[in-house]
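Peer 1: Quick one, fold the following:
(2 chains)
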2 protein chains.
Amino acid sequence: MKKSSLIFFVLCLVTAANAQDIYKEQRGGWLQKAEESKPPLIETIKQPVTLVTLVQDDNVFQHWKAVKSKPVDSLYNNSFKKQSGVVVDFGEHLTGYFTFSVEELNRAADAPLRIKFTFGEVPSELATPFDPYPGGLSRAWLQDEIITISDVPSTITIPRRFAFCYVKMELLGSSVYSDFRITNVSFKASTSVNTTPGALAATTNKMIGDIDRIGLTTLKECMQTVYEDGPKRDRRLWIGDLYLESLANIYSYKNYALTKHCLYLLAGLSYEDGVAPSNVFERPKPHPQINPLFDYALIYDVAVKEYVQATGDKQTALDLWPLIKQQLEIPKKYLGEDGMLDYEKANKEWWLFFDWRNGLDKQAALQGVVIWAYKNTYELAKMIGKENEVAELPALVKKMTDATHKNLYDKTSGVFVSGKDNQVSYASQAWMVLSGVATKVEGATALKKLPTMQNVVYPGAPYLYHYVIEAMIQCDLKQEAKELLTNYWGGMVNKGADTFWEVYDPKDDFLSPYKFFPVNSYCHAWSCTPVYFIRKYPEIFQQ
Amino acid sequence: MKKSSLIFFVLCLVTAANAQDIYKEQRGGWLQKAEESKPPLIETIKQPVTLVTLVQDDNVFQHWKAVKSKPVDSLYNNSFKKQSGVVVDFGEHLTGYFTFSVEELNRAADAPLRIKFTFGEVPSELATPFDPYPGGLSRAWLQDEIITISDVPSTITIPRRFAFCYVKMELLGSSVYSDFRITNVSFKASTSVNTTPGALAATTNKMIGDIDRIGLTTLKECMQTVYEDGPKRDRRLWIGDLYLESLANIYSYKNYALTKHCLYLLAGLSYEDGVAPSNVFERPKPHPQINPLFDYALIYDVAVKEYVQATGDKQTALDLWPLIKQQLEIPKKYLGEDGMLDYEKANKEWWLFFDWRNGLDKQAALQGVVIWAYKNTYELAKMIGKENEVAELPALVKKMTDATHKNLYDKTSGVFVSGKDNQVSYASQAWMVLSGVATKVEGATALKKLPTMQNVVYPGAPYLYHYVIEAMIQCDLKQEAKELLTNYWGGMVNKGADTFWEVYDPKDDFLSPYKFFPVNSYCHAWSCTPVYFIRKYPEIFQQ
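Peer 2: Here you go, the predicted model:
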């Protein structure tokens, strides 16, 4: 399909259900520019580094570790029949396509072979039975494939893309009359990263260096033709992940073509009612998931602002301006005369995310994200000479800020509260700081007080840790920010992470929002954020 | 790889282990002619005809039948999630490649799909659990494939070749958030058959007509780029199957290019010591299985003779003459002065086949096949002016015939016996007749007596039935031949066969030489032989 007909197809797809596409003038151009800015993938052929044995150990992450056993040649030089269950270690997290050969030993193979390959980002994925599958997401995310090989010798590339460090190979079928071996295991690894970031200051402590290195790998693996959330799962472009990845990219790989591509792609696939899509797929053809997400739509604007600030590429912001401006409308439907959003109504009509944490009250975070997005969008408008089109923003920000402070700041306890039950959470404090509702002093006081209080709702996923650490830095809680980053991400380092995980609770290695920890992503975009902090704030993190 | 380099590769392969290749002069030319005579495959896109339900019924073959349920559109037009386990019937046995599409329903798919496809030649293959696998052959022969589909919509062709009538589809993984359907199921069916055989005489009874039709389908499905033994299993060229298929082909499809291709391929891949290979593989590159089989090596000569007789293509026989002549040497090592072969020694040093039947004593059959092959090869030699090179054959045949009659004919009981225990079997009588050891009268008497005797070893597989029926016809037991053919193959017809089976015991639907009946082939070359009999002897079978 030619580029132009592809774009026409997507246009038809997006607009088919409803002729009222508010971007009907712009959509074609946005998709065209998305296509034009699509970054090439850099492909590298990788070889395994060693065979490993899986060892159960209650003292390690998820109770399984991979222990170096034999050189890879011992796989290649011996009958595979005697090695079923062997685990090959590539020594690093890779994303791409797996190739292997089978060769006859001694005698012509007289029957097909059946081999099961299980790819794991972490050792427990290779040691935990997948079936019967208890998880809440599709069983098909788990990376096991059963391959029938009709011809021997042959070289086979499994058509599915994998993300992994380790691969287990199990023999499910072969002739008793003939023997074979597996050879030439290789992997075509891909990423759109094409630069090497600078070294950290020599003064950087080892743990920060490790966190930075693992964060860089995490980011690199998620940077494919879009900023994926996770190369194993969900393999797509979410605005929330894009925001954190593109920030980290500014301070590391500087692949601005990728950011530009993603911003245009999101615009081209935005919903017909004007909302920026929470997430989109590039394959088989670019299309959005119809799943509007309030906070992500607003974060889109901030992502554009950060991109323009880093690159000076005002033309992109001008192109995208209709979409950017339209996101400002989303909160207005819920905004009362008093400057407070109708949280109950918004929560009923929208998906509000902010964090994976059951029971989190999101009223304060919602007020915060709107004010923060309005402020950032106004800054962006000024950069590109559009402030007259959003002239109401400063007054709106002021009104909402005052109302929020009045309604949600509890002077007695010195923290911000949220919802009918006056819930106290990290999410609420972070967004009150980032929005500027909290003064530096109030923010610092609140953030320092949280660990001493009862019934505080802690962050669930690494995503929220980003906003908490950013808030700490804004309140000059530099040591606390460094400690939190070191403790949280350092916890993963100490548990053997090669890439940072989607889900990490220091107290529960088996936590999964999907009821089955092997389906968690163990290389996840929103966990790459230490790269941003460590490199943006060297005076805090590299000392 | 170019043709010439491929041939060079095969030459290297065959000759690498031993410089003493007795065909080093001819092998290259034989492989070249094999390549040149390779028949094209005729490919046809087929659509399913109905959905079926599998119903357990102790009164049907292997206790499962497929009952027509809904039109195929009901699969295509509804969510697949609610149809997991559906069985699609293509209405005929097909060999080739399966394609299907998945399409979104209502909402963009947000996760990959995992679907298991099980292909069956007979209904029981879809209803019998394959694991834990109890069979003796490779588990990989069973036709179940688990497919992960990363992108929706998409159209997928499973790379493995299947042979089937029915396909079951089971959902193993999908998102709870999005729905999908399966559409556009199709199958690219292949055969090298490119003609339609003539109709049978109007006088032919219905059962003979059914047997002929099913036999033709069986033969057509096995005729690919070689005469395969079975398109599901073992998918390769055996001399024994080639012989029966090429006989049936002479009286039906007349694809002589295929026969020629197979004869040259077997020659090009013959063993370095001169023996014709029991079986060869075309893929991934032409190569033999090193598994010498005494009776098949001799049958090679007879297959060439039948081919030349049907086509007049003497040049092929002249080309292949060194191989043909060399097969005559195999028995000589075991031949005593008395004209009897040293059966014990031959049985120890060779695989002797004749039939799948435990306990069959093969002494008589061995004497018979050698005499029969010698006679036929002498006839062939005369056709191509080579009789002076095998001038010893007539005397040898006479000596062996007399000795065999003297030693193995039991005048008292009127049957031929075999081995130390004087075993009486159908195999022995058949080969005594075909070799001419038995006179017509002796043969007829013996064959008619067998059903009245105790402890007779009956035929095991359809392969031996061919030789028994041919022997009956030679002894003028026309009615008995017709009855045996009608009873045996008609038994499969009555049990619902669409193609004839590798293994058929009227008393045991679950018989398997491989300890697991689903791994049996249910479309097997050596069962196509009724086509030959019905069409070669219309005066017997079409009246």
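Peer 1: Would you agree residue A:93 is in contact with residue A:162?
Peer 2: No. Checked against CB atoms under 8 Å, the pair residue A:93 and residue A:162 is beyond contact range at 10.8 Å. Every C-beta, even on glycine, is put in place using the N, C-alpha and C of the backbone.
Peer 1: Can you give me the buried ones in the host helix or strand of residue A:242?
Peer 2: For residue A:242, the element it lies in under DSSP states H and E is helix A:239-250. Buried residues in helix A:239-250, counted by 16 or more other CB atoms under 10 Å in any protein chain shown: A:239-250.
Peer 1: Contacts for that helix next, please.
Peer 2: Under the contact criterion CB atoms under 8 Å, 6 or more residues apart in numbering or on different chains, helix A:239-250 has outside partners A:215, A:219, A:222-223, A:226-229, A:255-256, A:258-259, A:262, A:266, A:276-279, A:293, A:295-297, A:299-300, A:302-303, A:306-307, A:310, A:353, A:463, A:466, A:524-526, A:528-529, A:531-532, A:536.
Peer 1: for it, what is the average pLDDT?
Peer 2: Average pLDDT, helix A:239-250: 98.
Peer 1: Next: stretch A:209-218.
Peer 2: Mean predicted lDDT for stretch A:209-218 stands at 98.
Peer 1: Show me the strands in chain A, by range?
Peer 2: A:42-46, A:50-56, A:64-68, A:86-105, A:113-120, A:144-149, A:154-157, A:162-173, A:179-191, A:237-238, A:279-281, A:287-288, A:409-410, A:415-416 (DSSP state E).
Peer 1: Separate out the buried members of the contacts of helix A:239-250.
Peer 2: Buried by 16+ other CB under 10 Å: A:215, A:219, A:222-223, A:226-229, A:255-256, A:258-259, A:262, A:266, A:276-279, A:293, A:295-297, A:299-300, A:302-303, A:306-307, A:310, A:353, A:463, A:466, A:524-526, A:528-529, A:531-532, out of the contacts of helix A:239-250.
Peer 1: Which of those fall within helices?
Peer 2: If you go by DSSP state H, the buried ones among the contacts of helix A:239-250 have A:215, A:219, A:222, A:256, A:258-259, A:262, A:266, A:295-297, A:299-300, A:302-303, A:306-307, A:310, A:463, A:466, A:531-532 in helices.
Peer 1: where in the stretch 301-450 of chain A is pLDDT low?
Peer 2: By pLDDT under 70, the stretch 301-450 of chain A has no low-scoring segment.
Peer 1: Minimum distance to chain B, which residue of it gives it?
Peer 2: Evaluated by CB to the nearest CB, the stretch 301-450 of chain A has residue A:351 as its residue closest to chain B, separated by 11.8 Å.
Peer 1: In terms of pLDDT, where does the nearest residue to that residue once chain neighbours are set aside sit?
Peer 2: Excluding its sequence neighbours, the residue lying closest to residue A:351 (CB to CB, 6 or more residues apart in numbering or on different chains) is residue A:293, at 4.9 Å. With respect to pLDDT, residue A:293 scores 98.
Peer 1: who touches residue A:293 in this structure?
Peer 2: Counting by CB under 8 Å, 6+ apart, residue A:293 makes contact with A:239-240, A:278, A:350-353.
Peer 1: likewise residue A:513?
Peer 2: Per CB under 8 Å, 6+ apart, neighbours of residue A:513: A:136, A:356, A:503, A:520.
Peer 1: what's the distance between it and chain B?
Peer 2: Using CB to the nearest CB, to the nearest Å, residue A:513 is found at 14 Å from chain B.
Peer 1: again with residue A:97
Peer 2: With CB to the nearest CB as the criterion, residue A:97 and chain B are 12 Å apart.
Peer 1: who's that residue bridged to?
Peer 2: residue A:188 (DSSP bridges).
Peer 1: Just the pLDDT for it.
Peer 2: Looking at residue A:97, the pLDDT reads 98.
Peer 1: domain assignment for chain A?
Peer 2: A:43-191, A:320-352+A:358-452 (automatic domain parsing).
Peer 1: Which one of the residues in the stretch 251-400 of chain A is closest to chain B?
Peer 2: For the stretch 251-400 of chain A, CB to the nearest CB, closest residue to chain B: residue A:284, 4.2 Å.
Peer 1: hmm, I was thinking of the stretch 151-300 of chain A
Peer 2: residue A:173 (3.0 Å).
Peer 1: That residue: neighbouring residues, count only.
Peer 2: 22 (other CB atoms under 10 Å in any protein chain shown).
Peer 1: Check whether it really touches residue B:138, as I assumed.
Peer 2: Yes. The pair residue A:173 / residue B:138 is scored as a contact, 4.7 Å apart, by CB under 8 Å.
Peer 1: Give me the common contacts of those two.
Peer 2: Residues within reach of residue A:173 and of residue B:138 at once, by CB under 8 Å, 6+ apart, are A:111-114.
Peer 1: For chain B, tell me which of these show up nearby.
Peer 2: With CB under 8 Å from any CB of the partner chain as the criterion, the shared contacts of residue A:173 and residue B:138 include A:111-114 near chain B.
Peer 1: Quick one: the helices in the stretch 351-500 of chain A, in order.
Peer 2: Ranges of helices in the stretch 351-500 of chain A, per DSSP state H, counting those that start in this stretch, are A:363-383, A:393-408, A:426-435, A:440-449, A:462-474, A:478-494.
Peer 1: give me the beta-bridge partners of residue A:115?
Peer 2: Beta-bridge partners of residue A:115, counted by DSSP bridges, are residue A:147, residue A:171.
Peer 1: thinking again about what came up before, same list (the contacts of residue A:513) but as a markdown table, adding neighbour count and distance to residue B:443.
Peer 2: Output for the contacts of residue A:513, formatted as a markdown table (neighbours: other CB atoms under 10 Å in any protein chain shown; distance: CB to CB, whole Å):
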| residue | neighbour count | distance to residue B:443 |
| --- | --- | --- |
| A:136 | 14 | 73 |
| A:356 | 16 | 84 |
| A:503 | 21 | 80 |
| A:520 | 26 | 75 |
